[in-house]
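[1] Requesting a structural model of the entry that follows:
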Amino acid sequence: MSESDKMSEEEYQRSWIEAELEETLDDLFEAEFNQPILTEELRKIYKDKHPDMLDRRTYYSNLLRLQSELVKLQDWVEHTKSKVLIICEGRDSAGKGGVIKRITQRMNPRVARVVALPAPTEREQSQWYFQRFVPHLPAGGEIVLFDRSWYNRAGVERVMGFASDAEVDQFFHDVPEFERMLVRSGIIVLKYWFSITDEEQQLRFLMRIHDPMKQWKLSAMDLESRIRWEDYTRAKEDMFAKTNIPEAPWYIVEGNDKKRERLNCIEHILSKIPYQEVEHEKVDLPERVFNPDYERRVLPDELYVPKVY
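    Below is the predicted model of the structure:
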């Protein structure tokens, strides 16, 4: 191959890589471009309440850097057969889902998976309380993120009267030892509480009410949580006092600024796990085999999705 051919090949590869990076940024922009369909009045209120939000350039550059580290963490977990459990709790609309999405966005779903269990069935209600969570715990080489967890008993079940005082007391008696058992079994347990202010939650609920693309997020239980804000606060404080154990402490993530919330949480996760970069063998793409008698069949038009765009 001549020098000019080598140069053109290098230029082609560079342009291809640049295109891939541009597509990555487009994906990130699409994920962030969730402009709610709001009245001008609400939009102005939101901007006035968030004057110091992280600028987009700083956010994206740090998010990409942290996500590349998460991929290294994933490789280390898979290589060492480590087990990681990340529990995400917090107020309704506190940003748990957004953080989880950014954590898993670039990761292998066979290694990192999300567990978001529905309300317990009648059969599950008759079981040991922790039983329905146990099958979802990480095996070797897995990272599991719980989008809400057994701490429902300390929060919504307690405040809304779905659990009796005796059941809540039993939970607080059992959960520290349950989590110690998880840690003794080799699971890295990280517990995060995503915190927002009363005023911020009210604003986010208003946005959900007026944004057709977010209305599905607003449930009757969410509306009830607004009424019982102080009850949830007392329940949260009691939960911290009784379940903040050295083996599995709580970490509070301030969430009024969603971008800072995501970056701070990912940064903290990476700081709490002693991962190292795993060396991989160099991968060479094999040459495609061309058979002289191969002929591609012409498929009927009805098999193709119409080109609307």
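[2] quick one: the helices in the protein?
    Along the chain, counting by DSSP state H, helices occupy 3-32, 40-49, 56-80, 96-104, 122-125, 156-159, 165-184, 198-210, 220-227, 229-243, 258-272.
[3] Please identify which of those is closest to I86.
    helix 258-272 (6.8 Å; C-beta to C-beta). (Each C-beta comes from the backbone N, C-alpha and C, glycine too.)
[4] With just CA atoms, put the closest one into PDB.
    Extracted C-alpha coordinates of helix 258-272, given in PDB (Å, rounded to 0.1, in the frame of the first residue of the first chain):
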ATOM      1  CA  LYS A 258     -30.400  17.400  37.800                       C
ATOM      2  CA  LYS A 259     -27.100  17.600  35.900                       C
ATOM      3  CA  ARG A 260     -25.000  18.100  39.000                       C
ATOM      4  CA  GLU A 261     -27.000  15.300  40.700                       C
ATOM      5  CA  ARG A 262     -26.200  12.800  37.900                       C
ATOM      6  CA  LEU A 263     -22.500  13.700  37.800                       C
ATOM      7  CA  ASN A 264     -22.000  13.800  41.500                       C
ATOM      8  CA  CYS A 265     -23.700  10.400  42.000                       C
ATOM      9  CA  ILE A 266     -21.700   8.700  39.200                       C
ATOM     10  CA  GLU A 267     -18.400  10.200  40.500                       C
ATOM     11  CA  HIS A 268     -19.200   8.900  44.000                       C
ATOM     12  CA  ILE A 269     -20.000   5.400  42.800                       C
ATOM     13  CA  LEU A 270     -16.700   5.300  41.000                       C
ATOM     14  CA  SER A 271     -14.900   6.500  44.100                       C
ATOM     15  CA  LYS A 272     -16.500   3.700  46.300                       C
END
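[5] now it: mean pLDDT?
    Mean pLDDT, helix 258-272: 97.
[6] ok, and for it, which residues are buried?
    Going by neighbour count (16 or more other C-beta atoms under 10 Å), the buried part of helix 258-272 is 258-266, 269.
[7] That one relative to helix 198-210, how many degrees between them?
    Helix 258-272 and helix 198-210 are oriented at 120 degrees to each other (axes from the mean of the first three to the mean of the last three C-alpha atoms, to 10 degrees).
[8] A116 contacts S149, correct?
    No. Counting by C-beta atoms under 8 Å, A116 does not reach S149; the two are 9.7 Å apart.
[9] Of all the helices of the chain, which one is nearest R288?
    helix 3-32 (16.6 Å).
[10] if we can go back for a sec, Q131 is nearest to which of the helices of the chain?
    helix 122-125 (7.3 Å).
[11] what helices or strands is that closest one leaning on?
    Applying 3 or more C-beta pairs under 8 Å, 6 or more residues apart in numbering; DSSP states H and E, one finds that helix 122-125 makes contact with no other helix or strand.
[12] CA atoms only for that helix - export them in PDB, please.
    The C-alpha coordinates for helix 122-125 follow below in PDB (Å, rounded to 0.1, in the frame of the first residue of the first chain):
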ATOM      1  CA  GLU A 122     -51.200 -11.300  47.200                       C
ATOM      2  CA  ARG A 123     -48.800 -14.300  47.200                       C
ATOM      3  CA  GLU A 124     -45.700 -12.100  47.800                       C
ATOM      4  CA  GLN A 125     -47.500 -10.300  50.600                       C
END
